[in-house]
Structure formats: structure tokens, C-alpha cells
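Visitor: fold the following and give me the result.
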Amino acid sequence: MFIVNVAAPAIGSDLHASGSDLQLVIAGYAITYSVLLITGARLGDRLGHGRTHLAGLALFTAASLACGLAGGAGALI
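Guide: Prediction:
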């Protein structure tokens with residue numbers, strides 16, 4: 001959450017995002033993080049922590065790439 005809040009002004013200026021767009025980006029990140037944290041813990045107990053960690057790392061890498069390639073605030077949200 002800290003890095004998203006720190007990066008919000010740069011995101012806003014680079015993507016020409018409004019304040020409400022930035023709020024949606026921050027809220028979407030927080031909700032996604034909390035949902036995947038709980039789900040990942042349950043999957044780790046069932047499937048094994050190593051396998052779940054690698055799957056989470058791959059998902060995080062793909063999502064980070066998609067966010068980095070977003071051309072506008074709508075695509076980022």
C-alpha cells in the first residue's frame with residue numbers, strides 16, 4: 001500500500017488521471033491484495049507453500065507488467 005500511495009502523484013501526472021481515478025487505483029490495489037492474501041494462505045495450506053509461492057510470484061509479475069504497460073488510467077483501473 002505504501003508504494004502505491006507514494007507513486008500516486010507520478011501515476012496521476014504520467015497517465016493524466018484525476019483524483020477519483022487515483023482513488024480507484026489505490027482501492028483496487030488494496031482490495032486485490034487483501035483478497036489474494038487470504039486466498040493464497042488457504043491455497044498454501046492445501047497445495048503446499050512452495051508451489052503457491054511460485055504461482056503467486058508469477059501472478060504478481062504478470063500483473064505488474066500489465067500495470068506498467070497501461071496506456072491510461074482506465075486501463076490501469
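
Visitor: please count neighbours and contacts with C-alpha atoms only from this point.
Guide: Fine.

Visitor: quick check: closest non-adjacent residue to residue 21.
Guide: Nearest non-adjacent residue to residue 21, counting by C-alpha to C-alpha, 6 or more residues apart in numbering: residue 73, 6.6 Å away.

Visitor: neighbours of the one you found, how many?
Guide: A count of nearby residues for residue 73, using other C-alpha atoms under 10 Å, gives 19.

Visitor: please, which helix or strand holds the residue lying farthest from the centre of the chain?
Guide: Taking C-alpha atoms, centre = their mean as the measure, the residue most remote from the mean C-alpha position of the chain is residue 46, 24.0 Å away. In this assignment (DSSP states H and E), residue 46 forms part of helix 19-47.

Visitor: just checking, the residue nearest to residue 21 touches residue 19?
Guide: No: in this structure, residue 73 is not within contact of residue 19 by C-alpha atoms under 8 Å, at 10.7 Å.

Visitor: tell me the contacts of the residue nearest to residue 21?
Guide: Contact analysis of residue 73 by C-alpha atoms under 8 Å, 6 or more residues apart in numbering lists 15, 16, 17, 21.

Visitor: skip the chain neighbours and tell me the closest residue to the first one.
Guide: Here the nearest residue to residue 15 in space, its sequence neighbours aside, is residue 72; by C-alpha to C-alpha, 6+ apart that works out to 5.2 Å.

Visitor: my guess is residue 1 contacts residue 30. True?
Guide: Yes: in this structure, residue 1 is within contact of residue 30 by C-alpha under 8 Å, at 6.7 Å.
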